[in-house]
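Student: Kindly generate the corresponding structure for this input.
(chains A and B)
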There are 2 protein chains.
Amino acid sequence: MSSKYSPIIHGYFRSSCSWRVRIAFALKGIAFDQVPVNLIKDGGQQFTEQYKGLNPMQQVPAVQIDGIMLSQSLAVIQYIEETRTGHRLLPADPKKRAQVRMISDFIASGIQPVQNLYVLQKMGAEKVQWAHHFIQRGFEALEPILKETAGKYCVGDEISMADICLVPQVYNAERFKVDVDQFPTIKRLNQTLLKVDAFKESHPSCQLDTPAEICT
Amino acid sequence: MSSKYSPIIHGYFRSSCSWRVRIAFALKGIAFDQVPVNLIKDGGQQFTEQYKGLNPMQQVPAVQIDGIMLSQSLAVIQYIEETRTGHRLLPADPKKRAQVRMISDFIASGIQPVQNLYVLQKMGAEKVQWAHHFIQRGFEALEPILKETAGKYCVGDEISMADICLVPQVYNAERFKVDVDQFPTIKRLNQTLLKVDAFKESHPSCQLDTPAEICT
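Tutor: Residues are numbered from 1 along each chain as shown, chains lettered A, B, ... in the order given. You can find the predicted model right below:
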């Protein structure tokens, strides 16, 4: 249950970076409020002066927490990891922590930004082909890495920040018609994770700003 | 002085992600060996089967350290932070740590990937204009954030991972003709940091694979 001290996530149901943060809060059992920022309507509500005042990066998510505003999903996730108890989002072992960060950063820096809305808007008609190309290429690199590091989840047998990044990226891959059957490890991990409550309740298909026609 | 136990950085003199890692090692006082990977020559040495075996992401840097291979510069930097003493690369205060990560991730995920070599190669003739657009846009967002967080350096008065990300990004901005005079905080921080030994000795202008004609 949220309270007046709950963190506020300014996000968008379909934004993969917003979804990452929702998963992390759910795994930690932290109640939060959400303020929808519609990235499409009115030319994008992230470009309003009001939102720019909150987050000059003009992206979602932006999180108000403990008296500060934080943006960038991995920074938010690591902040709650360092200030809250509950499910550990990074392993205790430094080498495994590094592998979790490597996989997370590869998705968050190497794949997602190149198929991000503001890049695709600049691409025009070629946008689906462009997004497909870079996700396909990214997954070709990710598959052999996950084959080495994965146990039940991306790194060993604990759900970590890497899993939080993987599932929303697979969701994007499917939107852009990448055939995930080519990547058996990615496919298996995604299927396993989608059965976990924190991933289910935070899914884009069931958020308060999900349009009724795609709500499931 | 390096030894047979020294980490090995596989990198490229002008890669901003390689430069980040060189700065971090220099700040920590960790000796390392370098293996140049020429991203241009022979169609890109990062695409050889040999390099792909080392780093399936086919990017630089890749770092061999403590018996593992790590890629993704921020994962490497945070790994050495968690396993080595020496200059602290993230502040002790959790809120400041979060701000350092937010700024680092904004550069590493929000600016650099969109002007990365493999994206630009797909852009063809428009590549300079494309890179200029996204760096300009990124710096317009970064300037007001740094104005809030900066002291002598990006976050307060300690050199951190955020500074390690900033300086190579300014170097890229200058390559793509972004007028840094528009951003007084970014300009001041960059000028201050370029006087610090760790930034000077790791600079692209003086690496072992820097072509003689641009060596200074």
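
Student: from memory A:Trp130 sits against A:Met123, does it?
Tutor: Yes - if you go by CB atoms under 8 Å, A:Trp130 and A:Met123 touch, sitting 5.0 Å apart. Where you see a C-beta, it was placed from the backbone N, CA and C, and this is true even at glycine.

Student: So which of those two has more stuff around it?
Tutor: Using other CB atoms under 10 Å in any protein chain shown, the more surrounded residue of A:Trp130 and A:Met123 is A:Trp130, with 20 against 14.

Student: Helix, strand or coil: sort out the more buried one for me.
Tutor: Three-state assignment for A:Trp130 (DSSP: H, G, I helix; E, B strand; the rest coil): helix.

Student: The nearest residue to A:Glu174 once chain neighbours are set aside: how many residues sit nearby?
Tutor: The shortest distance from A:Glu174 to any non-neighbouring residue, by CB to CB, 6 or more residues apart in numbering or on different chains, is to A:Val180 (6.6 Å). When counting by other CB under 10 Å, one arrives at 15 neighbours for A:Val180.

Student: can you check the one 3 residues further on too?
Tutor: For A:Phe183, the count of nearby residues is 22 (other CB under 10 Å).

Student: how about stretch A:152-172: buried residues?
Tutor: Judged by neighbour count using 16 or more other CB atoms under 10 Å in any protein chain shown, the buried positions of stretch A:152-172 are A:153-156, A:158-172.

Student: What helices and strands are in contact with the least confident helix or strand in chain A by mean pLDDT?
Tutor: Lowest on mean pLDDT, DSSP states H and E among the helices and strands of chain A sits helix A:117-123, with a mean of 74. With contacts taken as 3 or more CB pairs under 8 Å, 6 or more residues apart in numbering or on different chains; DSSP states H and E, helix A:117-123 sits against helix A:127-149, helix B:127-149.

Student: what comes into contact with the first one?
Tutor: Spelled out, that is helix A:127-149. Helix A:127-149 has contacts (CB atoms under 8 Å, 6 or more residues apart in numbering or on different chains) with A:99, A:102-103, A:106-107, A:110-111, A:114-115, A:119-121, A:123, A:154-156, A:162, A:169, A:172-173, A:176-178, A:180, A:182-186, A:189, B:56-58, B:119, B:122.

Student: Need the contact partners of the helix or strand following that helix.
Tutor: Counting by DSSP states H and E, the next helix or strand C-terminal to helix A:127-149 is helix A:161-175. Applying CB under 8 Å, 6+ apart, the contact partners of helix A:161-175 are A:16-17, A:19-20, A:23-24, A:27, A:74, A:77-78, A:81, A:89-90, A:99-101, A:103-104, A:107-108, A:111-112, A:115, A:131, A:135, A:138-139, A:149, A:153-155, A:180, A:186-187, A:189-190, A:193-194, A:199, A:204.

Student: If we use 6 Å, what do you get?
Tutor: Contacting residues not belonging to helix A:161-175 are listed as A:16, A:19-20, A:23-24, A:77, A:89-90, A:100, A:103-104, A:107-108, A:135, A:153-155, A:180, A:190, A:193, A:199 [CB atoms under 6 Å, 6 or more residues apart in numbering or on different chains].

Student: State the next helix or strand along the chain beyond it.
Tutor: Helix A:161-175 is succeeded, C-terminally, by helix A:184-193 (DSSP H and E).

Student: Using neighbour counts, pick out the buried residues of that next one.
Tutor: By neighbour count on 16+ other CB under 10 Å, the buried set for helix A:184-193 is A:Thr185, A:Ile186, A:Lys187, A:Leu189, A:Asn190, A:Thr192, A:Leu193.

Student: wait, which of the residues you listed is closest to B:Gln50?
Tutor: If you rank the buried residues of helix A:184-193 by distance to B:Gln50 using CB to CB, A:Thr185 comes first, at 23.2 Å.

Student: Just list the residues touching the closest one, thanks.
Tutor: A:Glu143, A:Leu146, A:Lys147, A:Ala150.

Student: switch to 10 Å and redo it
Tutor: Neighbour list for A:Thr185: A:Phe139, A:Leu142, A:Glu143, A:Pro144, A:Ile145, A:Leu146, A:Lys147, A:Glu148, A:Thr149, A:Ala150, A:Cys154 [criterion: CB atoms under 10 Å, 6 or more residues apart in numbering or on different chains].

Student: Adding distance to B:Asp42, write those residues out as JSON lines.
Tutor: What follows is the contacts of A:Thr185, written out as JSON lines (distance: CB to CB, whole Å):
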{"residue": "A:Phe139", "distance to B:Asp42": "26"}
{"residue": "A:Leu142", "distance to B:Asp42": "25"}
{"residue": "A:Glu143", "distance to B:Asp42": "26"}
{"residue": "A:Pro144", "distance to B:Asp42": "23"}
{"residue": "A:Ile145", "distance to B:Asp42": "24"}
{"residue": "A:Leu146", "distance to B:Asp42": "29"}
{"residue": "A:Lys147", "distance to B:Asp42": "28"}
{"residue": "A:Glu148", "distance to B:Asp42": "27"}
{"residue": "A:Thr149", "distance to B:Asp42": "30"}
{"residue": "A:Ala150", "distance to B:Asp42": "33"}
{"residue": "A:Cys154", "distance to B:Asp42": "33"}
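
Student: Cool, thanks, signing off.
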